[in-house]
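K.L.:
I would like the atomic coordinates for the input below:
(2 chains)
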Amino acid sequence: DVKVTQSSRYLVKRTGEKVFLECVQDMDHENMFWYRQDPGLGLRLIYFSYDVKMKEKGDIPEGYSVSREKKERFSLILESASTNQTSMYLCASSLPVRGQETQYFGPGTRLLVL
Amino acid sequence: AQKVTQAQTEISVVEKEDVTLDCVYETRDTTYYLFWYKQPPSGELVFLIRRNSFDEQNEISGRYSWNFQKSTSSFNFTITASQVVDSAVYFCALSEIVGSARQLTFGSGTQLTVLP
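P.N.:
Got it, this is the predicted structure:
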């Protein structure tokens, strides 16, 4: 079974803090993704990575950065957290093989920025 | 641009009723994949099914069935004899190649509540 884990289920931070969200997958997947989920908006892609040290912007990258130093780990960084970044953050991974691009998700991190 | 529409925001049914969740999509791709995911209250998205654009066969898996119709750009999901444990948010998603990876465009989700 694919396993995607996220470092925290719940996180409370203050405005202006630097926030790190960590995601680890154990299936040797090349692709990894970060989404945020907000009521009524579904899931929106923030960034994705298709290989170590490679990254591409998604639909809403502003205010975020990412790091992928190892294949199994993909980090989302909020350089200076703001209240509008309060959200549910979901990490996913997938293989790049055609027909096997199903994304598998972690349990999510609920971030509250005060 | 791709788009996925789940017009039903919330549905409530009584246990053992059948329920259909609608999904309509838009894409210019000739090859694409459609997905359904389930998100229970715990928050984790659980993969249910993937369908590619060349395969219009309906699929049944236990109490779940999926009806893919290219002519109407729809990929509907039916739960037969619903159970309380089916209560969750269900997302339909469409994939496309962007850059070097296949990305998903999600619908806004349908909250299904199954009452005992």
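
K.L.:
contacting residues around B:Gly62?
P.N.:
B:Gly62 makes no contacts at all, as judged by C-beta atoms under 8 Å, 6 or more residues apart in numbering or on different chains. For glycine as for every other residue, the C-beta is placed from the backbone atoms N, C-alpha and C.

K.L.:
which intervals of the chain have sub-threshold pLDDT?
P.N.:
Assuming you mean chain A. In the predicted model of chain A, residues A:1-2, A:98-100 satisfy pLDDT under 70.

K.L.:
actually it's chain B I care about, not the one you picked
P.N.:
Ranges of chain B meeting pLDDT under 70: B:1, B:98-101.

K.L.:
Kindly recompute the last result at 90.
P.N.:
B:1-2, B:27-33, B:41-44, B:49-61, B:95-104 (pLDDT under 90).

K.L.:
what are the ranges of the strands in it?
P.N.:
Secondary structure of chain B (DSSP state E): strands located at B:3-5, B:10-14, B:19-21, B:24-26, B:33-39, B:46-52, B:59-61, B:64-69, B:74-79, B:88-98, B:101-106, B:110-115.

K.L.:
just chain A next, same as before
P.N.:
Counting by DSSP E, the strands of chain A are A:4-6, A:10-13, A:19-25, A:31-38, A:42-51, A:54-57, A:65-70, A:73-78, A:87-94, A:104-105, A:109-113.

K.L.:
Could you list the residues of chain A in contact with chain B?
P.N.:
A:9, A:31, A:33, A:40-45, A:48, A:50-51, A:54, A:56, A:58, A:88, A:90, A:92, A:94, A:96, A:99, A:101-108, A:110 (C-beta under 8 Å from any C-beta of the partner chain).

K.L.:
B:Arg51 touches B:Asn67, doesn't it?
P.N.:
No - assessed by C-beta atoms under 8 Å, B:Arg51 is found out of contact with B:Asn67, at 10.2 Å.
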